[in-house]
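Engineer: no sequence for this one, just the structure:
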């Protein structure tokens, strides 16, 4: 298996280091033939990030028309609590369409519950993921169970088997029914040095189960530095070993 697509990449227009030109050039060098930029827009106050990213993206397409139809413009959203205490994201799909967004990646980036007990945090994470999986216009659910707390021994997601089967099944049905892809995240999950092999095995086993249920899968490096440093070959070996079929039900932006 060889990875040819990457739908989760950041530039310096949000919290990455790549310029848009570097992103496009390094993707070509790594054999990534279909890919997208997905800079963060966490709140409406970050609208400038999206506008700058769009301007840079269009400039690259203008310089290299051969990238049209292979290089796409996306955005990554996160969940936050509205003043009324409800889950929310920065913008709806209609607004993002007006901004020229081709596809939407969205993920939970931290606990929104007050309690830091394991059961409460697992439940909070599930509710965030269910919110995103059923939110109109979200194309890809990003980095399942990543909250940026993996270095902590108290991390409630350190053991994949701690997540109740009922939650996994409920999310699976929501993803399938809403045509929302499940992301195979390379740098934050598959190749993250602080995550156990047991966790990664459970993550990939769940992804294989999702694929067998008709859920689309998406590959995203979640690169914030250099695409040239992403071990696509190592990730491909892990994905293939899990029995995931790269030719079946994979996310594609046309």
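Structural biologist: Received, thanks. Keep in mind that what you see is a predicted model, and the values were worked out from it rather than measured.

Engineer: all helices of the stretch 1-150 of the chain, in order?
Structural biologist: Using DSSP state H, counting those that start in this stretch, the helices assigned to the stretch 1-150 of the chain run over residues 20-29, 47-63, 93-98, 118-133.

Engineer: oh, I was asking about the stretch 151-254 of the chain
Structural biologist: With DSSP H, counting those that start in this stretch as the criterion, the stretch 151-254 of the chain has helices at 165-177, 197-212, 232-241.

Engineer: output the below-cut-off pLDDT ranges for the protein.
Structural biologist: Scanning the chain for pLDDT under 70 picks out 147-158, 254.

Engineer: at 50 what do you get?
Structural biologist: The chain contains residues with pLDDT under 50 at 149-151, 153-154.

Engineer: tell me the centre residue of it?
Structural biologist: In the chain, the C-alpha nearest the mean C-alpha coordinate belongs to residue 142, at 2.8 Å (C-alpha atoms, centre = their mean).

Engineer: contact partners for that residue?
Structural biologist: 8, 76, 105-107, 183, 185, 220, 222 (C-beta atoms under 8 Å, 6 or more residues apart in numbering). Bear in mind the C-beta positions are built from the backbone N, C-alpha and C, glycine included.

Engineer: follow-up on the earlier one: could you say which one of the helices of the stretch 1-150 of the chain comes nearest to residue 236?
Structural biologist: helix 20-29 (15.5 Å; C-beta to C-beta).

Engineer: what does that closest one contact?
Structural biologist: Contacts to helix 20-29, defined as C-beta under 8 Å, 6+ apart, come from residues 6, 9, 11, 13, 18, 35, 37, 53, 56-57, 59-60, 63-64, 67, 71, 226-228.
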